[in-house]
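Trainee: Fold the following and give me the result.
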Amino acid sequence: MTNETKKAFSGYEVFIIAILALTQFTVVLDFMVLSPLGAILLKELDITTAQFGWVVSAYAFSAGASGLLASGFADRFDRKKMLVFFYTGFIIGTFLCGIAPSYHLLLAARIVTGIFGGVIGSISFAIITDLFPFQMRGRVMGYVQMAFASSQVLGLPIGLYFANLWGWHAPFLMIVGLAVLIWLAILVKMRPVDGHLALQNDRSAFGHMAKTVSDRRYLQVFIATTLLTTGGYMLMPFGTAYAVGNMGLTMEQLPLIYFVTGICSMIAGPLIGKLSDRIGSFRVFVAGSVLTIVLVLIYTNLGITPLWLAIVLNSLLFVGVTSRIISSSALNTAVPDPADRGAFMGINSSVAQVSGGIATAVAGMIVVKTKTGFLENYPLLGIVVTVAMVLVAVQFYFINKAVQERRRKAAELNTEITK
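Mentor: Residues are numbered from 1 along each chain as shown. From the prediction side, this is the model:
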């Protein structure tokens, strides 16, 4: 049975999926925990919404710069060694966040964390693309993207509990403890991922990066990624402040909302991945985008909202977001040539981080927190996000069309060879 036709994962493949999902869990949680801590940090550090936006953006900008610089070298080393190196730096950066005593030192710690943490996702996606055929990547992405949901179900409620009990530093230290265990598992159990090294030529690292950046096929994906990241980075960092100040919810109710929302996303993730493999990533992306647009327009215009309705709306919104992430990630893996996968994933991650950082900074300037805690101009963010989602759907239509054409030609070539 070939890789193209097999349906079941081997034992080692299950380990790879699990370890990449756990790695993503810690990285995602490190970013997402800032959202529920937002209301606490605004008060404890006595900072403005614009300053909080820069805390989030600092990670994004440093991650973007690091991803771009690392992209030229991404295909020149064993991907396991790359993962170990950058995960080590991520652990150190998160530890610094856990001991930062002030706003400016927290800002510096987020920069360090971003330099290393922002590259880990691209390395993981390159590993997935190297080890799994296209027909299985929807399922793999579905399981790996469960990291987002798991961070809500397990990480955010526990993080909020520790933050309320021991202060806002505690969640970061919790992440460090878990990440050290995952780092050891990668070091001991993971095999080298170096098959791509045989495909490399003598181009310099800078030349490899320049070739990847200038490729028209890749540029189309980078533009789509820029639009794709706008939504999450604009709305999510101010989610808790909006829930408390505008929707009338309490800090004590937020863990329940995150828990139920995460459970729904965890259940939906693998199902969406299988559906993506079965009917096509683009169709799933469009369906997820329609659902997300409707929910964003409703959610950003809410007033005082009962807890049950907040849970329902958040759950549906995250199912839509999860659909878009899984399907777009699976589709993007089919774009780069094997020799360019690491560089492509690194640059794409860099583009996502930088554009997300800009979006967060802009959102921090648009949204204004009044003395009563009410966030003004939040509906405007909903409109901006909606426009971006429509534009990115158009971009992915052309990306999907090009991918299908390449796959058709490859299939015809294989048929000719086997005759």
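
Trainee: What is the neighbour count of the nearest residue to residue 45 once chain neighbours are set aside?
Mentor: In space, and not counting its chain neighbours, residue 45 is closest to residue 103: 4.6 Å by Cβ to Cβ, 6 or more residues apart in numbering. Glycine gets a C-beta too; all of them are placed from N, C-alpha and C. Neighbours of residue 103 under the rule other Cβ atoms under 10 Å: 17.

Trainee: pretty sure residue 103 contacts residue 42?
Mentor: No: using Cβ atoms under 8 Å as the test, residue 103 is too far from residue 42 to be in contact (10.6 Å).

Trainee: tell me the contacts of residue 372?
Mentor: By Cβ atoms under 8 Å, 6 or more residues apart in numbering, the contact list for residue 372 reads residue 245.

Trainee: cool, and residue 80?
Mentor: Taking Cβ under 8 Å, 6+ apart as the test, what residue 80 contacts is 186, 190, 191, 192, 193, 194.

Trainee: swap the cut-off to 10 Å and go again
Mentor: 123, 127, 186, 187, 190, 191, 192, 193, 194 (Cβ atoms under 10 Å, 6 or more residues apart in numbering).

Trainee: cool, and residue 212?
Mentor: Here residue 212 is in contact with 71-72, 74-75, 218-219, 222, 336-337, 339-348 (criterion: Cβ under 10 Å, 6+ apart).

Trainee: Please indicate which of those are buried?
Mentor: 71-72, 74-75, 218, 222, 336, 339-348 (16 or more other Cβ atoms under 10 Å).

Trainee: what residues are shared contacts of residue 103 and residue 42?
Mentor: The contact lists of residue 103 and residue 42 share 51, 52, where a contact means Cβ under 10 Å, 6+ apart.

Trainee: hang on, isn't residue 246 packed against residue 377?
Mentor: No: counting by Cβ atoms under 10 Å, residue 246 stays clear of residue 377, with 11.0 Å between them.

Trainee: gap between the longest helix along the chain and the chain center?
Mentor: For the chain, the longest helix by residue count, based on DSSP state H, is helix 378-418. Relative to its chain's centre, helix 378-418 lies at 19 Å (Cα atoms, centre = their mean, to the nearest Å).

Trainee: Mind giving me the packing neighbours of that helix?
Mentor: The elements that helix 378-418 packs onto, with contact taken as 3 or more Cβ pairs under 10 Å, 6 or more residues apart in numbering; DSSP states H and E, are helix 216-228, helix 230-235, helix 239-245, helix 281-299, helix 307-332, helix 341-366.

Trainee: for those, which one sits closest to residue 143?
Mentor: Residue 143 sits nearest to helix 307-332 of all the helices and strands packed on helix 378-418, at 9.5 Å, using Cβ to Cβ.

Trainee: got the angle between the closest one and helix 281-299?
Mentor: Angle of helix 307-332 versus helix 281-299, following axes from the mean of the first three to the mean of the last three Cα atoms, to 10 degrees, is 150 degrees.

Trainee: Which positions within helix 307-332 qualify as buried?
Mentor: 310-311, 313-332.

Trainee: Check residue 384 and give its pLDDT.
Mentor: Predicted confidence (pLDDT) at residue 384: the value is 87.

Trainee: That one: how many residues sit nearby?
Mentor: Residues near residue 384, counting by other Cβ under 10 Å: 19.

Trainee: Just confirm it contacts residue 297, I think it does.
Mentor: No: with contacts counted by Cβ under 10 Å, residue 384 stays clear of residue 297, the gap being 11.5 Å.

Trainee: Show me which pair in the contacts of residue 80 is furthest apart.
Mentor: 187 and 194 (16.0 Å).

Trainee: Can you get me a residue count around residue 270?
Mentor: 17.

Trainee: Look up how far residue 117 lies from it.
Mentor: 25 Å (Cβ to Cβ, to the nearest Å).

Trainee: Equivalent analysis for residue 305, please.
Mentor: 33 Å.

Trainee: Those two - which one has more neighbours?
Mentor: residue 117 (28 against 16).
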